[in-house]
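Undergrad: Compute the structure for the input listed below.
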Amino acid sequence: MRTPLAIALAAAAVILGCGNTDVDTPDVCLESPAMITAALRNAAEPVALDGDTKISDCLVRNQAEGDLVNFGTNITEVATGLGADVSQPGPAGVKAAIDAGYLVGAIEKGAEDTDGIHATLVERVKAAATNGLSDASELKQAHYEAGYEAGKETG
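TA: Model (predicted):
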């Protein structure tokens, strides 16, 4: 059974004509959410999924529908977990805020040159990753912003 996210991403892919690929999605981008979460442990330093694939490299122009759905499902799961973890007290919540910011920045960076096919994914990732920030301290919000800037720059 497809999730609402998968259905929305598939519909966006069909509407925007994503079945014709120019560049393949790196295989590492389609691995598990746990692998992406583990890679984010390095944020706000540059994050690479396999040593050299940036998160932004996972969003490619004319991305195949299946790749978009698979990556979108994985990355949204990661963002949802980080958004929930921001509410943790102490260093764990601060680190989650950095990671969430980095993830959003990297996704936005990757979507910049893809003619809008990733707009829905960017919105969903940002909403999920920032869900815990509404009640977060100024310190956590500042760490989110620092992570975001690092993700936009090196993500």
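Undergrad: any idea which helix or strand comes after the helix-or-strand element of the chain with minimal mean pLDDT?
TA: Ranked by mean pLDDT, DSSP states H and E, the weakest helix or strand in the chain is helix 4-15, scoring a mean of 48. Downstream of helix 4-15, the next assigned helix or strand under DSSP states H and E is helix 33-39.
Undergrad: List the contacts of that next one.
TA: 28, 47, 48, 49, 55, 74, 75, 77, 78, 81, 82, 99 (Cβ atoms under 8 Å, 6 or more residues apart in numbering). C-beta here means a position set from N, CA and C on the backbone, and glycine is covered the same way.
Undergrad: and the next element down the chain from the helix or strand hosting residue 110?
TA: Assessed by DSSP H and E, residue 110 sits inside helix 90-111. Proceeding C-terminally, helix 90-111 gives way to helix 119-129 as the next helix or strand, assigned by DSSP H and E.
Undergrad: wait, what's in contact with residue 110?
TA: Residue 110 is in contact with 54, 55, 56, 57, 58, 59, 118, 155, counting by Cβ under 8 Å, 6+ apart.
Undergrad: which pair in those spans the largest distance?
TA: By the measure Cβ to Cβ, 54 and 118 form the most distant pair in the contacts of residue 110, at 14.6 Å.
Undergrad: nearest to residue 90, of the contacts of helix 33-39?
TA: Proximity of these to residue 90 (Cβ to Cβ) peaks at residue 99, which lies at 15.0 Å.
Undergrad: That closest one: neighbour count?
TA: The local packing of residue 99 (other Cβ atoms under 10 Å) involves 29 other residues.
Undergrad: avg pLDDT for stretch 104-115?
TA: Here stretch 104-115 scores 93 as its mean pLDDT.
Undergrad: and what of stretch 140-152?
TA: pLDDT averaged over stretch 140-152 gives 96.
Undergrad: Please apply the same query to stretch 23-41.
TA: 93.
Undergrad: among the contacts of residue 110, which are in strands?
TA: The strands, defined by DSSP state E, take in nothing from the contacts of residue 110.
Undergrad: which phi and psi does residue 130 have?
TA: Main-chain torsions, residue 130, degrees, to the nearest 10: phi -100, psi 0.
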